[in-house]
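Asker: Okay, predicted coordinates and the sequence, questions at the end:
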Amino acid sequence: MLALWKTKQQSGWRAGVVPGERETALAIVQRRKGEMPPLLKHCGVHPVLEIRPEHILTSLIQGRVLARAPVSGVISAEDYQLVQVEAPEVPPAELRAAVRWKLRDMIDFPLEEAVIDVFEIPQSQRRAQEKKLFAIAARSSAVQRVVELISQRARGFDVIDVPELCLRNLSALLPQDAKGVALLALGEGFAQLVLTRQGVLYVTRRIEFNRRFDGDAEDNIVDGNIDAAVLALEIQRSLDYYESHYDQTPISELVLAPSDVRSRQLAAALKSETNLDISLFEPERLFEVADGVEIDMRWPGLIALGAALRTDDGEP
C-alpha cells in the first residue's frame, strides 16, 4: 500500500508487524528461490500486558541476518477504508490527487485527514469502458502511529499495508489459486473474504458477525453468532459477481483460516449449504517451519504472516 522507502531484499527475509492496543503480532518469513517453500521463522501474537510492541521489535528483529530486513507494518480496519472508484483519465503522477477528489463523499472521516493510495483492479471483460481502481483512504494519524512505532526500531521498515492485501498474499500461496480460490479469514466478530486468481485480487468483502443472524435451523449457528446459511449466501453473491463481472470460470474451492475448532465447525456447516470444496488453511503445508516455531494463526498472526510475504514490487 503506502511505500515509505525503497528497500531491496537481499536475503529474501521480511517481517510483518500488526500493532494493536491489546496485542501485537509479528511474523518473519524468508522467500527462497526456485521451488522451495518460504521459510517461516516466527509467527506469534504477543499480549501488550506481557510485552510492549517496541520490545517485540527490538528483541526479534536483530542480528546480522534480520537487522536490515524489510518490514511491513499493517494498520487496523478501523483506520482506513477500501473502496472502488472509477479511474480518472489523468497522467500517473496526478492519479492520487484525482482519486482523492473522488473520495470526498465516500469516506466517513475528513478528507484532509486521509492518506491516499491506489492499486489496480482487473478490468471487466464486458465493461471495458469502465476502468476502476481500488482506493485506500487511511487516517493520517493512524499511519503516523505505525511509522513512529516501527521506524525507530526496525531499520528496514519500508511499507504500510492493509489486511486485504496481506490475505491476498496468503491466498496466492494456495495451490488452488492457479484456477481461482476463495479465502475466508475469521476474526473476532467478522470474516474477511478475498477472491484471487494467479495472485491477483479480484474481490474482497468484510462480513460482520456483530449480531446473531436468524437462521432457519439452530444447528446452522456456529459459535453462537455465525449463521452458516446466511454466510453461504454472502459468499455465493461474491462468487457470482466474480464470475459474471470478470467473465471468469467459477471458483469451486473455499479455504477457511485459521485451522481451528471454529473453522472446522464452520466448514462442516458450509458443506451442507454450498457445493464448494471446503478445506482449512494449513501453514505447515505451505511453509517450511523452522524448528521450535509455534504458529499463532489468530487474526493478527494471520495478517502479520501475509504482510511478511510481500515482495519488493508489492505483488505476492
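Answerer: That came through fine.
Asker: which stretches of the stretch 151-300 of the chain aren't confidently modelled?
Answerer: 210-225 (pLDDT under 70).
Asker: Which parts of it are helices?
Answerer: 163-173, 228-245, 261-271, 283-286, 299-308 (DSSP state H, counting those that start in this stretch).
Asker: Just want the angle from the second one to helix 261-271.
Answerer: Here helix 228-245 runs at 70 degrees with respect to helix 261-271, directions being taken by axes from the mean of the first three to the mean of the last three C-alpha atoms, to 10 degrees.
Asker: host element of residue 44?
Answerer: Residue 44 belongs to strand 39-47 when elements are defined using DSSP states H and E.
Asker: Does whatever helix or strand comes next after that strand pack against any helices or strands, and if so which?
Answerer: Per DSSP H and E, strand 39-47 leads on to helix 53-60 as the next helix or strand towards the C-terminus. Secondary-structure packing of helix 53-60 (3 or more C-beta pairs under 8 Å, 6 or more residues apart in numbering; DSSP states H and E): strand 13-18, strand 23-30, helix 140-151. Every residue, glycine included, has its C-beta placed from N, CA and C.
Asker: ranking these by burial, who's on top?
Answerer: strand 13-18 (a mean of 27; mean count of other C-beta atoms under 10 Å).
Asker: For that strand, which strands pair with it and how are they oriented?
Answerer: strand 23-30 (antiparallel), strand 71-74 (parallel) (DSSP bridges).
Asker: Off-centre distance for that strand?
Answerer: Its chain's C-alpha centre and that of strand 13-18 lie 13 Å apart, by C-alpha atoms, centre = their mean, to the nearest Å.
Asker: what's the angle between that strand and helix 163-173?
Answerer: 140 degrees.
Asker: How about residues contacting strand 13-18?
Answerer: Strand 13-18 has contacts (C-beta atoms under 8 Å, 6 or more residues apart in numbering) with 24-31, 53, 56-57, 60-61, 65-66, 69-74, 76, 150, 154, 156, 161, 166, 300, 303-310.
Asker: same question, stretch 235-249
Answerer: 122, 124-127, 179-180, 182, 184, 193, 195, 197, 202-203, 205, 250-251, 254, 270, 274, 276.
Asker: among those residues, which are in strands?
Answerer: Judged by DSSP state E, these include 182, 184, 193, 195, 197, 202, 203, 205, 254 as members of strands.
Asker: would residue 117 count as being in a strand?
Answerer: Yes. Counting by DSSP: H, G, I helix; E, B strand; the rest coil, one finds residue 117 located in a strand.
Asker: For it, grab the count of nearby residues.
Answerer: 18 (other C-beta atoms under 10 Å).
Asker: Which pLDDT value goes with it?
Answerer: Note for residue 117: predicted pLDDT of 93.
Asker: I figured it was touching residue 96, is that so?
Answerer: Yes. Under the criterion of C-beta atoms under 8 Å, residue 117 makes contact with residue 96 at 6.9 Å.
Asker: one step back: just the buried ones from the contacts of strand 13-18?
Answerer: Among these, those buried by neighbour count (16 or more other C-beta atoms under 10 Å) are 24-31, 53, 56-57, 60-61, 66, 69-74, 76, 150, 154, 156, 161, 166, 300, 303-310.
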